[in-house]
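**Q** following is a predicted model, sequence given first.
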6 protein chains.
Amino acid sequence: MPRGAAVPGAAEKAAVLVEALPYIRRFWGAVVVVKYGGNALGAEGTGGEAAARASFAEDVVLMRSVGMLPVVVHGGGPQIGELMARLGKEPEFRDGLRVTDAETLEIARMVLVGKVNRDLVSAINVHGPLAVGLSGEDANLIQAAARDESLGYVGDVAAVDPTILQRLLAQGLIPVVATIGADPAGQAYNINADTVAGALAEALEATKLVYLTDVAGLRADPEDPGSVLAQCRPEDLDRLVAEGAARGGMVPKVRACAHAVRHGVRQAHILDGRVPHALLLEVFTDAGVGTMVTAEPGVGASGEETR
Amino acid sequence: MPRGAAVPGAAEKAAVLVEALPYIRRFWGAVVVVKYGGNALGAEGTGGEAAARASFAEDVVLMRSVGMLPVVVHGGGPQIGELMARLGKEPEFRDGLRVTDAETLEIARMVLVGKVNRDLVSAINVHGPLAVGLSGEDANLIQAAARDESLGYVGDVAAVDPTILQRLLAQGLIPVVATIGADPAGQAYNINADTVAGALAEALEATKLVYLTDVAGLRADPEDPGSVLAQCRPEDLDRLVAEGAARGGMVPKVRACAHAVRHGVRQAHILDGRVPHALLLEVFTDAGVGTMVTAEPGVGASGEETR
Amino acid sequence: MPRGAAVPGAAEKAAVLVEALPYIRRFWGAVVVVKYGGNALGAEGTGGEAAARASFAEDVVLMRSVGMLPVVVHGGGPQIGELMARLGKEPEFRDGLRVTDAETLEIARMVLVGKVNRDLVSAINVHGPLAVGLSGEDANLIQAAARDESLGYVGDVAAVDPTILQRLLAQGLIPVVATIGADPAGQAYNINADTVAGALAEALEATKLVYLTDVAGLRADPEDPGSVLAQCRPEDLDRLVAEGAARGGMVPKVRACAHAVRHGVRQAHILDGRVPHALLLEVFTDAGVGTMVTAEPGVGASGEETR
Amino acid sequence: MPRGAAVPGAAEKAAVLVEALPYIRRFWGAVVVVKYGGNALGAEGTGGEAAARASFAEDVVLMRSVGMLPVVVHGGGPQIGELMARLGKEPEFRDGLRVTDAETLEIARMVLVGKVNRDLVSAINVHGPLAVGLSGEDANLIQAAARDESLGYVGDVAAVDPTILQRLLAQGLIPVVATIGADPAGQAYNINADTVAGALAEALEATKLVYLTDVAGLRADPEDPGSVLAQCRPEDLDRLVAEGAARGGMVPKVRACAHAVRHGVRQAHILDGRVPHALLLEVFTDAGVGTMVTAEPGVGASGEETR
Amino acid sequence: MPRGAAVPGAAEKAAVLVEALPYIRRFWGAVVVVKYGGNALGAEGTGGEAAARASFAEDVVLMRSVGMLPVVVHGGGPQIGELMARLGKEPEFRDGLRVTDAETLEIARMVLVGKVNRDLVSAINVHGPLAVGLSGEDANLIQAAARDESLGYVGDVAAVDPTILQRLLAQGLIPVVATIGADPAGQAYNINADTVAGALAEALEATKLVYLTDVAGLRADPEDPGSVLAQCRPEDLDRLVAEGAARGGMVPKVRACAHAVRHGVRQAHILDGRVPHALLLEVFTDAGVGTMVTAEPGVGASGEETR
Amino acid sequence: MPRGAAVPGAAEKAAVLVEALPYIRRFWGAVVVVKYGGNALGAEGTGGEAAARASFAEDVVLMRSVGMLPVVVHGGGPQIGELMARLGKEPEFRDGLRVTDAETLEIARMVLVGKVNRDLVSAINVHGPLAVGLSGEDANLIQAAARDESLGYVGDVAAVDPTILQRLLAQGLIPVVATIGADPAGQAYNINADTVAGALAEALEATKLVYLTDVAGLRADPEDPGSVLAQCRPEDLDRLVAEGAARGGMVPKVRACAHAVRHGVRQAHILDGRVPHALLLEVFTDAGVGTMVTAEPGVGASGEETR
């Protein structure tokens, strides 16, 4: 458009920028841990996947550009399953959990660290030298412990040393974390990415913990799409789990949200990652999207102080 | 609006934010010197004045929130005239320039430093402890020299020591500068604010120098409102002055723009300060407003690299 | 005088320098808040005023040259009254306090920030780029609250944020503070300068708080010039106020001294600003001048440790 | 052994430590880029591989413990071939170079970043939180360009931005680099690891560039195991390549050594990685192992100054 | 030896370096105070003395090269006695302690600061600009008090200000301390070097305190050379002193060891300085030499964590 | 004197302090190398010596208190001669220079480092933990070379590494340097202190180099006490040496002054150390004492800028 001409939509544009101002100021320097859903976003096809990744990368870079400190965490269940199938490796489940033998672990590690992580790093670095991929083994970021011997190399988070993340954040970089951990002997474990995201948010004393999912938010009634909760508190989450209203892959997210909000994280969010730029809309506009979990009663959208 | 509900206009909001992203990234850490027009903006009445100031303050705070380093410069001719009138002091002009005797200088200094500057500082500090008012006498920021003895205490910029500005910027503060300078003996002088803005932009090696005025931009033909230039180069400005197309109060602005762009400032702008949030629209959207001066040929809106 | 010749007075000069040595060492790095009397020093005529200011500036610069960190605070009652008179504005008093309507406040602010403050900054900066003028509105230095609605914009100190002072001091600069404050909505207030000096001294954990006045010191008997107290303690000050021995403009000074010494300031002084270089003599010689208030019993001149 | 008893071998132990002293002092703070051979070391079986890796990890940690700054670079040809075989992917060669289509690239990236790199990081981190795995895509470490369109995603090093390596080294960490690079559009490429090692050594202005191989050193006559060169100069290497005496996988190593030594790297080494702790023996003892390339004539073992 | 040839003893050399690795890592950044025995090492003749000093200097430089922070403390009784004899000054003893008059003090100070200290500094600085000689008078390192007026200028440690040592250590320098102290009036005193070593170790919160002596270690039975204790605890030392098993010059060492280990020093050692490189063998090999005192029960050689 | 009373001499005291102000400001941060005359000051008796030292120490501490960075250099010829006499060692001269065999060197080193240096450090440290004694051997401060083999261990300055001095100065400490140097093999040499003072001043790019002597200044005619030069230039010094007007111990001073002023030192001074506080009078008052050497023509007392 020619400079100096009348600018249609100028007032509206200015209004959006002005609306964003208080959020930008509030979240300057705030650490935000974002779990990017390995099995949800754009899973329908390669093109959709790449487009969703590019849109997500834009959001993350914008957050950092206005002074926020995003940390990306990801899993990659479907992609692991796909490579296992190609290698003719039969998945084995026990009580709904995948049994992870040495070969499965190696496949999972290759896919998470060598493929999903790389694709996210590349999508972000189109915008500049910003992202650095990490696995939990790097600089002992995530110390793992076996969850249950019969499950093989399925791990729990035993401890988190966030030093490497803090240093990369201090240098203006965006860490992208694949959720492999290691025990003191150097043995690797595959860990649930939702759980890791919560643990990192706590260790970093993050301001926000955000789950990007393929649902509109947390439902009070799992069968009723109209029962999405706008805001709730940790005890509400406990009840949803106890009553079975939160189910399947939603359980570790819900548990991590409740734990994180009880351990210093100010706000946890379950967002609909299918809405383009859901992250931006949640963070920078008055109307949030999805479900927000916070320990504080009766607080609107993002209406409290960060300190 | 309730969280989790459908968000009308969400896509449009996201689009504006995404449009702003490359500009935010490009201008992170960039010094922008903004001349706030003492005699133009909202001069018609106190209410309008305060509203214009508040809107301007919002823009400046938003710029800083996304990492830019704004420096505000202002004059205050009409307000000086008003106090002189109340004190029964007759203005005296020589060749179109106000003769400034000791008493006039004292009045000008009181108005600029003690009123106009204070009002701008207050409008910004509603948003936080951000602005610090300065006059050119502070820490020898502006060393002045008499322009012409017969004009009394009308000064030119003899030298600029930007150290105090650099320190305040480094601390995240927004300097607001009243354009009084002092000579080595401590004698104060009143200096044209347009000229000072250009000199500070050069001394700070600013990325942008912006004049907020009460016109739509620089006209190729002063009589034709439709001849506003979208973009031009320093030699175009020379010609406009030589041909008399730039006149009156526009002359020091035009000269300062040409000089600044030739001495390291990347872009100079003459904007229509009457457009709400003109500053934001210029800086953060694809369609600039007003006239942009740059030494580089054929560059669109804000389309070049800062380094 | 020719080099190498016999130097008359050499021994005496050396003796003064050697006498100053322990004070220089004791007060290195010490913050000293000095209230420069707006209505006392050299008020008799313009020449006297400028000379007193120049002498005061020399003292302040010398203090800083030997490592002390002076902060200057000033009021300006007489100068405000003078401009009000010229503008035909009738002063109105209630219970001895000036009622400050919006116009009076604007006049006060112009005079304090735009004239008295400027004159002090200029006098100091003759010696180098040292002084920076501030008002309490800058970077939220002084948060004000209305004292009493019927008095208009007469304020009390609600809070002090000394950050901007600490930063300027750390950069080797000398802050000169005009005692205008602002409330959270940006409304300005005029505040008693004696009170502000004490509040800044406390917020800065100053070593010394010094009032330069036009009397020889604090008198035990207000009618008896021979009853000047050399040294006293906070409880003595309480009694002087209660008994009415401290009166008029002396009351806020006396109260601020008592409060400051009880809140971390080591020594408060009421000096005779009419003695040339009173500040130097107090700080750097064995014989102090005026009245010293300290919480510690029986300590001579400046004879204690700073820590 | 009981404390205080006679210590057999004490004198010998002390002698080794004393022998190491001058090398420790000389190489304090020196960057050493080590190419760990993907296809050579311990390739005979999994057990041997893990043991060789553990021994190598010990050497690298010891180097860092005495103040050196090691950077590990690795390839992984055999492991890539193995996964391709398992996936039924037929390798295709053109002029002796593997044609790398999108699928091959994805496999190579998974293996290098998600397996070989991880195994090295884990082996080092048994000793503490020291290693951080990187690929050339992280923070734009290695910018790649296609070598030849007919070869697909086989890349050359277009540029190196060593910032992320320098930061990790400054934090006491050991970077382990997988040799995937990316072009500005984010497309990944597989790059020869020998070439990358040389490019990183130059960009880091490394003191040493070391290739751990499965031969005793560089031979003057490729058929004569007794013709291993103890030391040579870049022009010797040029001749060996020109005459065909350096062949196959040795060519990129030899070329990288010659280029590096001509561009600021002080010493390049081709060592026999099959000798346990070859790295330690080369660096810390008077008798080096393998072939040393240096631009300086007639210098013994490691007998020159680092600056 | 020619490069690239078979390396005899290579495996043994590598083994020693690998054995040293965990100690190097454990003691990185650890302060080690070493008392170099003035009357024991190489006392038999000038040649032996210089050789012992050179070997000791090598050990100290090696410790520093691997990141330890050694501080050397020394006395010089025999050398003082020798100069006194040459000056015809008759030593006088009271209860076994040398009476130190002003002249004796001056002689002691000259010998300790001007000769023994210098010789050690020179021996170390052959390896680089590393050592800086200090006496306890420098920057008030050791404040002394008279032990007993009848003994003259024999002092006790009244206080230690380790600032100067910490600064030199932070700059990578090796302080060498002569044990002269001063009282507040500037009067110098001669202080027992064993006692000073312990006091400095405590003030520096040293990891190790090492006494190099001319015996094999501390004996349970002073008459039985076979009764050397490998390891003991502070209460064992108390008993040895109480029972008279520790005698003569061993008493201040034993007392200082017990006191230091009870006040934050992790390990104290009494080593046989006649064994070449005893310091290296103790610090960097699995088999310690001499007696180790530690508060922790049943810990082998150097087998505990530093933190 | 009672506080608050009339202060006799107040105006005179203030005048001295005000006179000192510009010098304090000019010399803030300036390095001043002062050669304290070992054979001149107070040599007549122990009492006088100690008093002169105490007065000198006061001057040095005052200089530092006002921000100057003094470095003290000293010799000690008479004291060396005295100990040699007591030890029955016959001095041997060749061409007027003392032949220094190993024993003489050891005596000189003991006296300079262990006695004269200590006495100066103690005198200064009565005022606080300020002085640190150094010899040129410490941290390789002064690298020496033999002047002439037949003279034994009489050295020249081969090189100066001022790092240790700069670090101590940066920490607010006052280095006191004994003029022993060492060659690369660690052999010590005795070096003329006047020469060392000049070399250190050059290496430190000192503002002033000051010689405290026992004469009133440099004489144009050595026989005429009235011919003391107030100021001169390096070429004047050359002529005085060439003509033999500068003789004996004055020659190295005169040569060092000329060399220093030609190599970056702004001013060199030859002062009469017998005048109490000569150093203070020279530095802080309008009337200098003794002779000033400077490269600049016609500059009064200390009347130029430091940069």
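**A** Sure, I can see it.
**Q** please count neighbours and contacts with C-alpha atoms only from this point.
**A** Noted.
**Q** residue ranges for the strands of the stretch 51-200 of chain A, please.
**A** Under the criterion DSSP state E, counting those that start in this stretch, the stretch 51-200 of chain A contains strands at A:69-74, A:93-94, A:97-98, A:131-135, A:142-146, A:154-160, A:174-178, A:180-182, A:188-191.
**Q** identify whichever of those lies nearest to chain B.
**A** Relative to chain B, the nearest member of the strands of the stretch 51-200 of chain A by CA to the nearest CA is strand A:69-74, separated by 13.2 Å.
**Q** show me what that closest one is packed against.
**A** Under the contact criterion of 3 or more CA pairs under 8 Å, 6 or more residues apart in numbering or on different chains; DSSP states H and E, strand A:69-74 touches strand A:31-36, helix A:46-65, strand A:174-178, helix A:193-203.
**Q** torsion angles phi and psi at the residue of the stretch 101-250 of chain A found nearest chain B?
**A** In the stretch 101-250 of chain A, no residue comes nearer to chain B than A:Ala230, which is 4.7 Å away by CA to the nearest CA. A:Ala230 adopts backbone torsions of phi -80, psi -40, taken as degrees, to the nearest 10.
**Q** test my guess that it contacts A:Thr294.
**A** No. Counting by CA atoms under 8 Å, A:Ala230 sits too far from A:Thr294 to count as a contact (11.2 Å).
**Q** so who does A:Val251 touch?
**A** Neighbouring residues of A:Val251 by CA atoms under 8 Å, 6 or more residues apart in numbering or on different chains: A:Val241.
**Q** how near is it to A:Ala201?
**A** 18 Å (CA to CA, to the nearest Å).
**Q** could you do A:Asp183 as well?
**A** A:Asp183 is 21 Å from A:Ala201, by CA to CA.
**Q** sorry, back to before: in CSV, list the helices and strands packed on strand A:69-74 along with mean pLDDT and distance to chain E.
**A** As requested, the helices and strands packed on strand A:69-74 are exported to CSV (pLDDT from 0 to 100; distance: least, CA to the nearest CA, whole Å):
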stretch, mean pLDDT, distance to chain E
strand A:31-36, 96, 31
helix A:46-65, 85, 36
strand A:174-178, 97, 29
helix A:193-203, 96, 22
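**Q** tell me the most buried of those?
**A** strand A:174-178 (a mean of 28; mean count of other CA atoms under 10 Å in any protein chain shown).
**Q** that one: partners in the sheet, and parallel or antiparallel?
**A** Paired with strand A:174-178 in the same sheet, following DSSP bridges, are strand A:69-74 (parallel), strand A:131-135 (parallel).
**Q** can you put those in TSV and add mean neighbour count and mean pLDDT?
**A** Output for these, formatted as TSV (neighbours: other CA atoms under 10 Å in any protein chain shown; pLDDT from 0 to 100):
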stretch	mean neighbour count	mean pLDDT
strand A:69-74	27	97
strand A:131-135	28	96
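**Q** so which of those strands is nearest C:Leu280?
**A** Evaluated over the strands paired with strand A:174-178, closeness to C:Leu280 peaks at strand A:69-74, with 51.7 Å, by CA to CA.
**Q** any weak-confidence spans in chain A?
**A** A:1-8, A:38-47, A:96, A:288, A:297-307 (pLDDT under 70).
**Q** returning to what we had before: so for C:Ala260, which of the strands paired with strand A:174-178 sits nearest?
**A** strand A:69-74 (42.6 Å).
**Q** to F:Gly81, which of the helices and strands packed on strand A:69-74 lies closest?
**A** That would be helix A:193-203 among the helices and strands packed on strand A:69-74, by CA to CA, at 70.5 Å.
**Q** helices or strands up against that closest one?
**A** strand A:31-36, strand A:69-74, strand A:154-160, strand A:208-213, helix A:250-262.
**Q** now the last one against strand A:208-213, angle please.
**A** In this structure, helix A:250-262 runs at an angle of 170 degrees to strand A:208-213, with axes from the mean of the first three to the mean of the last three CA atoms, to 10 degrees as the basis.
**Q** just the third one next, same as before
**A** With the same axes, to 10 degrees applied, the angle from strand A:154-160 to strand A:208-213 works out at 160 degrees.
**Q** so is strand A:154-160 next to chain D?
**A** No. Strand A:154-160 is not in contact with chain D by CA under 8 Å from any CA of the partner chain; minimum separation 11.7 Å.
**Q** chain center to that strand: distance?
**A** 17 Å (CA atoms, centre = their mean, to the nearest Å).
**Q** ok, A:Arg219 - contacts?
**A** A:Pro225, A:Gly226, A:Ser227, A:Val228, A:Leu229, A:Ala245, A:Ala246.
**Q** 10 Å instead, please
**A** Neighbour list for A:Arg219: A:Pro225, A:Gly226, A:Ser227, A:Val228, A:Leu229, A:Ala230, A:Leu240, A:Ala245, A:Ala246, A:Gly290, A:Thr291 [criterion: CA atoms under 10 Å, 6 or more residues apart in numbering or on different chains].
**Q** phi, psi for it please.
**A** Main-chain dihedrals, A:Arg219, degrees, to the nearest 10: phi -100, psi 140.
**Q** what about it, distance to C:Met63?
**A** In terms of CA to CA, A:Arg219 sits 69 Å off from C:Met63.
**Q** swap in A:Arg64?
**A** Counting by CA to CA, the gap from A:Arg64 to C:Met63 is 46 Å.
**Q** ok, A:Ser122 next?
**A** Computed with CA to CA, the distance linking A:Ser122 and C:Met63 is 59 Å.
**Q** just A:Asp59 next, same as before
**A** From A:Asp59 to C:Met63 the distance is 54 Å (CA to CA).
**Q** ditto for A:Ile164
**A** On the measure of CA to CA, A:Ile164 and C:Met63 end up 47 Å apart.
**Q** check A:Gly114 too.
**A** 65 Å.
**Q** again with A:Gly198
**A** For A:Gly198 relative to C:Met63 (CA to CA), the value is 56 Å.
**Q** and stretch A:109-120, is it in reach of chain D?
**A** Yes. Stretch A:109-120 is in contact with chain D by CA under 10 Å from any CA of the partner chain, via A:Arg109, A:Met110, A:Val111, A:Leu112, A:Val113, A:Gly114, A:Lys115, A:Val116, A:Asn117, A:Arg118, A:Asp119.
**Q** where does that stretch sit relative to the chain's centre, distance-wise?
**A** Worked out by CA atoms, centre = their mean, stretch A:109-120 lies 15 Å from the chain centre.
**Q** export it as PDB, just CAs?
**A** Extracted C-alpha coordinates of stretch A:109-120, given in PDB (Å, rounded to 0.1, in the frame of the first residue of the first chain):
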ATOM      1  CA  ARG A 109      15.000 -41.400  21.000                       C
ATOM      2  CA  MET A 110      15.800 -41.200  17.400                       C
ATOM      3  CA  VAL A 111      12.400 -40.000  16.500                       C
ATOM      4  CA  LEU A 112      12.000 -37.500  19.300                       C
ATOM      5  CA  VAL A 113      15.500 -36.100  19.300                       C
ATOM      6  CA  GLY A 114      16.400 -36.600  15.700                       C
ATOM      7  CA  LYS A 115      13.200 -35.800  13.900                       C
ATOM      8  CA  VAL A 116      10.400 -34.100  15.900                       C
ATOM      9  CA  ASN A 117      12.800 -31.800  17.800                       C
ATOM     10  CA  ARG A 118      14.800 -31.000  14.600                       C
ATOM     11  CA  ASP A 119      11.600 -30.100  12.700                       C
ATOM     12  CA  LEU A 120      10.600 -27.600  15.500                       C
END
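**Q** perfect, I'm done here.
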